[in-house]
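1. Need a 3D model of the following:
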Amino acid sequence: MKPKLGLIVSLKSEPREEIEKVKNLGFPTCQVSCWNPNLYTRETAEKLKQVVEENNIEITTLWSGFSGRHVWNFREGPATIGLVPLDKRKKRVKELKKASEFAEWIEVNSITTHVGFIPEDPNDPVYKSLIDVLKDIARFLEDRGQSFWFETGQETPVTLLRTLEDVEADNLGVNFDPANLLMYGKANPVDALDIIGEYVRGVHAKDGEYPRSGYELGEEKPLGEGRVNFPELLRKLKELNYSGALTIEREISGPQQIIDIKKGKKYLEELLRGIYG
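-> Below is the predicted model of the structure:
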């Protein structure tokens, strides 16, 4: 089955404009991203559900960010991103569970997030305690009929594989972001599918470069202009019988973002025609 294309958009208290943007740009699916847990209200859920139904858009996952400070680099990132930082875990687990409730209201059955810089050493006490937290989250979501997707980025594919194995839950998956694997210097994305491909449930169509500094991420690029080998990546996803969405994520704002999204959509459509016919 040919993957559907999608677009990642932000959750807002008045969600109509964002969902209509998805429709007007010609996408049948989207991921809804939220970094403000205060938006997880019944009122917002009802508005989102209504506009999604009116526009016949499928929400493939709720991308659930966290409150508080986040620094997207190698110096402060390990202490500020995701569930790894010990001083932020309790609050962020509560926020994930609140996201789960919101997802239930909008009838979306998966939650996606960055877990953070998962330690490479499985004997690290931080790693061991993180596994216990992830087991609790997995159980909580399973009780609601939901799955938990790890967004690739801060960890190597083998560390992510180990984490999935150690949590030992049937409702775990991966939201595969090929650009993040490059921008964090963690893996060649095509090769990474050989390690974690069977767990991929969602894919971000995003491009980027390897880091040029030991402290800063690599640069995000428009689709087809970075180092991700999308023709080979899509062929490998086909071999894996991947049937989820390809969700375009362009992390800039303003008119150029829309220009790049339109170009990226055309680029992916041409590749998919060549691979799937």
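2. how much distance is there from stretch 150-163 to the middle of the chain?
-> Offset of stretch 150-163 from its chain centre (Cα atoms, centre = their mean, to the nearest Å): 12 Å.
3. residues of it that come out buried?
-> 150-157, 159-163 (16 or more other Cβ atoms under 10 Å). For every residue, glycine as well, the C-beta is placed using N, CA and C.
4. contacting residues around residue 247?
-> Residue 247 makes contact with 5-8, 29-31, 60, 202-205, according to Cβ atoms under 8 Å, 6 or more residues apart in numbering.
5. quick one: secondary structure of it?
-> strand (DSSP: H, G, I helix; E, B strand; the rest coil).
6. Not counting its neighbours along the chain, what's nearest it?
-> Beyond its immediate neighbours in the sequence, the residue positioned closest to residue 247 (Cβ to Cβ, 6 or more residues apart in numbering) is residue 6, lying 3.9 Å away.
7. surely the one you found meets residue 28?
-> Yes: under the criterion of Cβ atoms under 8 Å, residue 6 makes contact with residue 28 at 7.3 Å.
8. Between the two, tell me which one has more neighbours.
-> residue 6 (28 against 16; other Cβ atoms under 10 Å).
9. just the strands in the stretch 1-150 of the chain please.
-> Assigned by DSSP state E, counting those that start in this stretch, the stretch 1-150 of the chain shows strands spanning 4-10, 29-34, 58-64, 110-113, 147-151.
10. Compare the ones you listed and give me the one nearest residue 246.
-> Nearest to residue 246, of all these, is strand 4-10, at 5.4 Å by Cβ to Cβ.
11. Which neighbouring elements make contact with the closest one?
-> In terms of contacts (3 or more Cβ pairs under 8 Å, 6 or more residues apart in numbering; DSSP states H and E), strand 4-10 is packed against helix 16-24, strand 29-34, strand 58-64, strand 245-248, helix 255-276.
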